[in-house]
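1. Build the 3D model from these lines:
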Amino acid sequence: GEGSERGGGRRREYLAAMSHDPTIDFEANTTPKLSTTPESTEFSTTFVLSDEDHTMGNSLRYMLNQNPNVILCGYSVPHPLVATLHLHVQTKNITAWEALKQALRDIQEMCDHTGAVFDQAETAYYAEGGTGH
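-> Here you go, the predicted structure:
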């Protein structure tokens with residue numbers, strides 16, 4: 001009844017405060033997939049990715065740190081109940097946006113390569129009489 005609605009409102013307020021992310025709207029699913037925090041600059045940007053977690057965060061952190069133009073890269077998931085990832089990137093010579101786009105392309109290429117190698121190995125396995133058991 002009325003008490004549970006008030007409790008739900010407090011929970012939403014608590015989650016919004018804990019997430020440190022003013023772009024989250026708990027009443028409607030209108031959160032942009034990718035945004036930046038207000039203090040971000042061209043070469044020092046905190047990207048906010050909605051509906052992402054440690055899987056994407058660690059993959060992006062790894063790829064970004066392979067780029068010699070990335071000075072610093074780290075990520076956090078501000079609250080475990082809110083599927084929002086904060087990825088901070090500091091760069092030299094290229095913008096943080098350019099570094100992020102390259103990291104995403106590199107991840108896509110790695111996934112494509114992994115899928116192709118797996119498909120080849122699976123085909124070879126069955127060609128040699130593998131049963132799948």
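
2. Pull the number of nearby residues for the closest residue to Ser35 other than its chain neighbours.
-> Nearest residue to Ser35 in three dimensions, chain neighbours excluded: Val48, at 4.8 Å (CB to CB, 6 or more residues apart in numbering). No exception for glycine: its C-beta is placed from N, CA and C like everyone else's. Val48: 24 surrounding residues under other CB atoms under 10 Å.

3. ditto for Tyr62
-> If we define neighbours as other CB under 10 Å, then Tyr62 has 14 of them.

4. Need phi/psi at it.
-> According to degrees, to the nearest 10, the main-chain angles of Tyr62 amount to phi -60, psi -50.

5. OK, contacts around it?
-> For Tyr62, the contact set (CB atoms under 8 Å, 6 or more residues apart in numbering) is empty.

6. One more pass at 10 Å, please.
-> Listed by CB atoms under 10 Å, 6 or more residues apart in numbering, the contact set of Tyr62 reads 73, 103, 106-107, 110.

7. Just the buried ones from the residues you listed, in ChimeraX syntax?
-> Written as a ChimeraX command, the selection of buried residues from those, which uses 16 or more other CB atoms under 10 Å, is:
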select :73,103,106
